[in-house]
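what would the 3D arrangement of this be:
(chains A, B, C and D)
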There are 2 protein chains.
Amino acid sequence: MSRVSYLDVKASVLARIRGGELAPGDTVPGEAALADEFGCARVTVNRALRELAEAGVVERRRKAGTRVLDPSPRDASMEIPSVRAEIEATGAAYRYELLGRRLAVPPAEVRAALDVAAGEKALHLRCRHWAGGRAHQFEDRWINLETVPKAREADFAASGPNDWLIRAVPLTQVEHVFSAANATPEEAALLGIAPGDAVFVAERRTWLGARPVTRARLVHPGATYRLVARTLPPL
Amino acid sequence: MSRVSYLDVKASVLARIRGGELAPGDTVPGEAALADEFGCARVTVNRALRELAEAGVVERRRKAGTRVLDPSPRDASMEIPSVRAEIEATGAAYRYELLGRRLAVPPAEVRAALDVAAGEKALHLRCRHWAGGRAHQFEDRWINLETVPKAREADFAASGPNDWLIRAVPLTQVEHVFSAANATPEEAALLGIAPGDAVFVAERRTWLGARPVTRARLVHPGATYRLVARTLPPL
DNA sequence: CCGTGTAATATGTATGTACATAATACGTCA
DNA sequence: TGACGTATTATGTACATACATATTACACGG
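Presented below is the predicted three-dimensional model:
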């Protein structure tokens, strides 16, 4: 004879919504009413409804009560792709190659993205990531040395800047912009594809608090690269 | 003189982690200890730590206690792109055009994706979405009529299948696979670009419970299309 | 009629207590 | 030494109660 769990209440209310007994826009019975119905404490109902609200199923407002929301097109989520993990997950051997490392004044676009002062230098890296014998990604990355001074000493010969940054900096925010483009001759040569072949481009920017950390342009052969995003599993 | 809130405890513990006082792998003081330190009830600490666990900052195990996790590459999330909203958000005029509608036996690949019985027909739609005078998306969609019989009557002349489905079916699960490709001659003609130009392709599959609803191949001109994903804002 | 102050109300949260549960630590016995 | 059962312990959750807070509804005065 276990007592009534908040999970029982949560499941029951969810079932009423799924079953159409409670339609979007309807007001869910108040905490007191549900507590009475289930024979449990109001706090127990509170937790159940709070979690449903966190899940985006209902909306709660003081005094107004709890209302069923539209089955909204929930956000899709995807793993932040770490090249190494991505490649190793396929079973292919991962190899990293540093093509270039220099301190330089970044072009205007990068300067703006990284919030680097005019004339100030940043760290510019160019790398290639292999999946077995196939070039998987060409990486063109700028690192803000004001935010991450430690990067000045790192040589990035052994492991990629991505792995290094993950360990060195507790990133607080990451943004990706994905697009498709035709490979430039240089990109084609580096990726072992023909110029003009489609490439999948990810532009990644990361921040540490309010300070930009890095901006990377990641170019993948379009013929093989896939990015997957799924909605969170239903409750 | 308000009492100690679970938010205070949560913020304090988070600050210790961010500040390095508690490093990944370290054990967070027990609920009893924190309750004592903050002069609040253990339940209050419990809620603080529980929410930190939900946020992926710490890991909790009975008897073992609470440990700080690696600052994991949190999942990035993106809005599920609804063509109409996407276009209208840019300020451009949205126009929808139905290119074809037929009942047909789907090709093997689609049959597998939609779990349609061999020889069984499905609804095949081809549409184009305009952003002002520019073709924004070419849509090639199959709908499983066993899951959504109502689609047989819909004519999709006025509004797109996407809008129709959102209203008609409470989708439970959505998957996107993004890739880059070179435009086929047909795609190029439909999108007003040159054959071979890069296109950004989204393959979307949706489910209602365990039953596949639809599979759509959405093709966008690579020169203009961008997809953005961000990590959830920091705690 | 309109704005404003106030009472009513549903949710939000803190507390002390009690018991449940999972996992580890450890002692016992073969 | 090793397998197994048991005590210990930290978290997990339920409850009754009390008070906080946001928001609505409504009465009242200009």
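
give me the neighbour count for the closest residue to DNA strand D within chain A.
The nearest approach of chain A to DNA strand D comes at residue A:5, 2.7 Å away (C-beta to the nearest atom of the strand). In short, each C-beta sits where N, CA and C put it, glycine included. Neighbour count for residue A:5, taken as other C-beta atoms under 10 Å in any protein chain shown: 14.

the residue nearest to it when sequence neighbours are not counted sits in which helix or strand?
Among residues not flanking residue A:5 along the chain, residue A:44 sits closest, at 7.5 Å (C-beta to C-beta, 6 or more residues apart in numbering or on different chains). Element membership for residue A:44, per DSSP states H and E: helix A:42-54.

which strands or helices does that helix pack on?
The contact analysis (3 or more C-beta pairs under 8 Å, 6 or more residues apart in numbering or on different chains; DSSP states H and E) places helix A:42-54 against helix A:6-18, helix A:31-38, strand A:58-61.

close to DNA strand D, is it?
Yes. Residues of helix A:42-54 are located near DNA strand D by C-beta under 7 Å from any atom of the strand, namely A:42, A:43, A:44, A:47.

so how far is residue A:50 from the first one?
So that's residue A:42. To residue A:50, residue A:42 is 12 Å away according to C-beta to C-beta, to the nearest Å.

what count of nearby residues applies to the spatially closest residue to residue A:29 that is not a sequence neighbour?
The spatially closest residue to residue A:29, leaving aside those adjacent along the chain, is residue A:37, at 7.3 Å (C-beta to C-beta, 6+ apart). Each residue near residue A:37 was counted by other C-beta under 10 Å, and the total is 12.

distance check, residue A:37 against residue A:28.
12 Å.

got the contact list for the strand or helix carrying residue A:126?
Assessed by DSSP H and E, residue A:126 sits inside strand A:122-131. By C-beta atoms under 8 Å, 6 or more residues apart in numbering or on different chains, the surrounding residues in contact with strand A:122-131 are A:83-84, A:87, A:90, A:92-106, A:110-111, A:114, A:116, A:135-145, A:151-152, A:156, A:160-161, A:190.

do stretch A:154-174 as well
So stretch A:154-174 is contacted by A:80, A:82-84, A:96, A:98, A:101, A:125, A:127, A:129, A:139, A:141, A:143, A:147-148, A:150-151, A:204-209, A:213-214, A:216, B:18, B:71, B:73-74, B:76, B:230-231, B:233-234 (C-beta under 8 Å, 6+ apart).

at 7 Å instead, please
Identification of contacts with stretch A:154-174 by C-beta atoms under 7 Å, 6 or more residues apart in numbering or on different chains yields A:80, A:82-84, A:96, A:98, A:101, A:125, A:127, A:129, A:141, A:143, A:148, A:150, A:204, A:206-209, A:213-214, B:71, B:73, B:76, B:231, B:234.

who does residue A:219 bridge with?
For residue A:219, the beta-bridge partners under DSSP bridges are residue A:138, residue A:201.

could you give the number of residues near residue A:72?
Neighbours of residue A:72 under the rule other C-beta under 10 Å: 11.

likewise for residue A:28?
Close neighbours of residue A:28, defined as other C-beta under 10 Å, add up to 22.

in the sheet, who's paired with it?
For residue A:28, the beta-bridge partners under DSSP bridges are residue A:66.

who are the contact partners of it?
Residues in contact with residue A:28 (C-beta under 7 Å, 6+ apart) are A:13, A:22, A:58, A:66, A:67, A:68.

one more pass at 8 Å, please.
Here residue A:28 is in contact with A:13, A:22, A:34, A:49, A:58, A:65, A:66, A:67, A:68 (criterion: C-beta under 8 Å, 6+ apart).

please tell me how far the residue nearest to the spatial centre of chain A sits from residue B:101.
Among the residues of chain A, the one closest to the centroid is residue A:80, at 4.4 Å (C-alpha atoms, centre = their mean). Relative to residue B:101, residue A:80 is positioned 39 Å away (C-beta to C-beta).

shaky segments in chain A?
A:1-2, A:73 (pLDDT under 70).

residue A:203: neighbour count?
Residue A:203 has 18 nearby residues by other C-beta under 10 Å.

verify the contact between it and residue A:181 for me.
No. Residue A:203 is beyond contact range of residue A:181, at 10.9 Å (criterion: C-beta atoms under 8 Å).

give me the common contacts of those two.
With C-beta under 8 Å, 6+ apart, residue A:203 and residue A:181 have no common neighbours.

residues from chain A in reach of DNA strand C?
So far as C-beta under 7 Å from any atom of the strand goes, chain A lies against DNA strand C at A:2, A:28, A:30-32, A:42-43, A:46, A:49-50, A:53, A:60-66.

hmm, try it at 10 Å
Within chain A, the residues that sit near DNA strand C (C-beta under 10 Å from any atom of the strand) are A:1-3, A:5, A:27-35, A:41-43, A:45-47, A:49-50, A:53-54, A:58-67.

separate out the buried members of the residues you listed.
A:28-29, A:31, A:34-35, A:45-47, A:49-50, A:58, A:60, A:66 (16 or more other C-beta atoms under 10 Å in any protein chain shown).

from those residues, which single one is nearest chain B?
Comparing those against chain B with C-beta to the nearest C-beta picks out residue A:47 as the nearest, at 9.5 Å.

what's the closest non-adjacent residue to that closest one?
For residue A:47, the spatially nearest residue (C-beta to C-beta, 6+ apart) is residue A:6, at 4.2 Å.

counting neighbours, what do you get for that neighbour?
Close neighbours of residue A:6, defined as other C-beta under 10 Å, add up to 19.

right, and residue A:52 touches residue A:10 too?
Yes. Counting by C-beta under 8 Å, residue A:52 touches residue A:10, with 6.1 Å between them.

and for residue A:192, the neighbour number?
Neighbour count for residue A:192, taken as other C-beta under 10 Å: 13.

if you could redo that for residue A:154, that was the one I meant.
Residue A:154 has 18 neighbouring residues, counting by other C-beta under 10 Å.

done for today, thanks.
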